[in-house]
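Q: got a predicted structure here, sequence first:
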Amino acid sequence: MSKCPQTVSLHGRPSLVTRESLGSAADPLPGLENFLDSLPDIYAGHDFRRLALRWAECAQVNNRKVGLAFGAHVIKVGVQAHLIDLMERGALDFLATHGAGAIHDIELALAGRTSEDVSAALDEGQFGMTSETVDVWKRALSRSQKESLGLGHALGLEIVEGDFPHRDLSLLGRGVELERPLSILVAMGTDTIHVHPEMDGAALGESSLRDFRLLCDFVSTLQNGLWVNLGSAVILPEAFLKGVALAANAGVELAGMTTAVLDMIRHYRPTQNVVNRPPGDGLYLIGQHELLVPLLHQAIRHHLAQGNSNHA
């Protein structure tokens with residue numbers, strides 16, 4: 001099927017997530033230190049405090065980087081403000097996501113809404129047929145080819161320079177503004193935009209491969225740093241392990257690295273490829289993103305305010 005499908009407008013399409021439902025990044029609450037001290041020093045209580053302290057430590061010590069790989073659900077449950085706040089405070093150096101994560105980020109920036117009702121849209125023949133989303137990707141891919149850019153940078157520039165009324169919600173846009181490297185790793189056939197025949201597959205593949213190499217370059221800087229896999233079960237854990245493999249092949253020492261997985265359930269690939277197989281220490285915290293990320297943000301902000309640079 002090569003003909004262009006009939007599209008619908010993002011602004012009129014039913015969406016499950018709107019700007020009004022998203023979370024916000026609060027300053028550390030009074031008494032937070034007492035709450036942190038009250039947590040059991042066992043299992044998740046121990047690991048939560050350890051991760052928050054290590055994250056703050058990396059933000060306060062030169063050459064200790066923090067990278068975050070996030071899945072699409074992270075955007076849909078409204079915790080982007082907490083992550084943007086950490087970026088703005090110098091506590092987040094690198095962002096990676098896949099095509100679905102980028103799509104939700106773009107739609108929120110453009111219309112303040114995202115996330116289709118898949119079953120209903122599928123029944124009506126409208127799933128994945130949002131015209132504005134496709135147009136943004138087409139422009140970004142054209143830019144990536146003309147300027148030899150990675151996909152993340154190209155999409156981020158589209159948000160920063162285009163007519164995106166809700167750009168303050170965009171991790172990609174804010175990442176470009178703060179000059180943070182962005183990596184978007186596309187798995188062909190998994191994203192709604194791929195069904196549109198005018199999508200430039202060569203540009204998509206080339207720009208995403210640039211971003212994969214960018215991710216590998218960043219992983220090689222993570223000695224004594226931190227890598228957090230937030231809600232990606234397959235694509236980003238696989239990419240991260242390839243970055244670790246390439247670093248080992250080049251003789252790069254990563255023994256002091258900390259890795260962490262935050263997700264709603266335990267998955268095989270994050271467990272093996274992020275926590276167990278890489279050198280250094282690995283943590284796995286299980287919980288809803290919309291609860292765990294704000295709690296972690298509060299704890300990190302607390303440690304940053306205290307200037308706490310003790311080793312976690």
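A: Noted; the coordinates are in hand. Numbering: from 1, shown residues only.
Q: hmm, G112 and F164 touching each other?
A: No - taking C-beta atoms under 8 Å as the definition, F164 is not a contact partner of G112, at 9.8 Å. To be clear about C-beta, it is placed using only N, CA and C from the backbone, and glycine gets the same treatment.
Q: all helices for the protein, in order.
A: All helices of the chain, identified by DSSP state H, fall at 32-38, 43-60, 72-76, 80-88, 99-111, 118-123, 131-147, 151-161, 171-177, 201-219, 235-249, 268-269, 289-306.
Q: export those helices to JSON lines and tack on distance to Q6, mean pLDDT and mean neighbour count?
A: Listed next are these as JSON lines, based on distance: least, C-beta to C-beta, whole Å; pLDDT from 0 to 100; neighbours: other C-beta atoms under 10 Å:
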{"stretch": "helix 32-38", "distance to Q6": "52", "mean pLDDT": "94", "mean neighbour count": "13"}
{"stretch": "helix 43-60", "distance to Q6": "46", "mean pLDDT": "96", "mean neighbour count": "19"}
{"stretch": "helix 72-76", "distance to Q6": "25", "mean pLDDT": "94", "mean neighbour count": "24"}
{"stretch": "helix 80-88", "distance to Q6": "31", "mean pLDDT": "97", "mean neighbour count": "21"}
{"stretch": "helix 99-111", "distance to Q6": "19", "mean pLDDT": "94", "mean neighbour count": "26"}
{"stretch": "helix 118-123", "distance to Q6": "13", "mean pLDDT": "74", "mean neighbour count": "12"}
{"stretch": "helix 131-147", "distance to Q6": "9", "mean pLDDT": "92", "mean neighbour count": "19"}
{"stretch": "helix 151-161", "distance to Q6": "24", "mean pLDDT": "97", "mean neighbour count": "25"}
{"stretch": "helix 171-177", "distance to Q6": "28", "mean pLDDT": "97", "mean neighbour count": "25"}
{"stretch": "helix 201-219", "distance to Q6": "22", "mean pLDDT": "97", "mean neighbour count": "19"}
{"stretch": "helix 235-249", "distance to Q6": "29", "mean pLDDT": "98", "mean neighbour count": "20"}
{"stretch": "helix 268-269", "distance to Q6": "37", "mean pLDDT": "97", "mean neighbour count": "14"}
{"stretch": "helix 289-306", "distance to Q6": "34", "mean pLDDT": "97", "mean neighbour count": "20"}
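Q: nearest to V261, of the ones you listed?
A: helix 235-249 (8.0 Å; C-beta to C-beta).
Q: off-centre distance for the closest one?
A: 17 Å (C-alpha atoms, centre = their mean, to the nearest Å).
Q: what lies in contact with that helix?
A: 69-71, 96-98, 185, 187, 212, 215-216, 218-220, 227, 229, 254, 261, 267, 269-270, 272-274, 277-279 (C-beta atoms under 8 Å, 6 or more residues apart in numbering).
Q: please save the CA atoms from it in CSV.
A: C-alpha atoms of helix 235-249 as CSV (Å, rounded to 0.1, in the frame of the first residue of the first chain):
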residue,chain,number,x,y,z
ILE,A,235,15.2,-0.9,22.9
LEU,A,236,17.2,1.3,25.2
PRO,A,237,18.6,-1.4,27.5
GLU,A,238,19.8,-3.2,24.3
ALA,A,239,21.4,0.1,23.0
PHE,A,240,23.0,0.8,26.4
LEU,A,241,24.7,-2.6,26.5
LYS,A,242,26.1,-2.1,23.1
GLY,A,243,27.6,1.2,24.3
VAL,A,244,29.1,-0.7,27.3
ALA,A,245,30.5,-3.3,24.9
LEU,A,246,32.1,-0.7,22.7
ALA,A,247,33.7,1.0,25.7
ALA,A,248,35.1,-2.3,26.8
ASN,A,249,36.5,-2.9,23.3
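Q: okay, the angle between it and helix 201-219?
A: Between helix 235-249 and helix 201-219, the angle comes out at 60 degrees (axes from the mean of the first three to the mean of the last three C-alpha atoms, to 10 degrees).
Q: on that earlier part again, make JSON lines out of the helices of the chain and add distance to I193.
A: Supplementary listing: the helices of the chain in JSON lines, determined by distance: least, C-beta to C-beta, whole Å:
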{"stretch": "helix 32-38", "distance to I193": "41"}
{"stretch": "helix 43-60", "distance to I193": "33"}
{"stretch": "helix 72-76", "distance to I193": "13"}
{"stretch": "helix 80-88", "distance to I193": "20"}
{"stretch": "helix 99-111", "distance to I193": "7"}
{"stretch": "helix 118-123", "distance to I193": "15"}
{"stretch": "helix 131-147", "distance to I193": "5"}
{"stretch": "helix 151-161", "distance to I193": "11"}
{"stretch": "helix 171-177", "distance to I193": "15"}
{"stretch": "helix 201-219", "distance to I193": "9"}
{"stretch": "helix 235-249", "distance to I193": "16"}
{"stretch": "helix 268-269", "distance to I193": "24"}
{"stretch": "helix 289-306", "distance to I193": "24"}
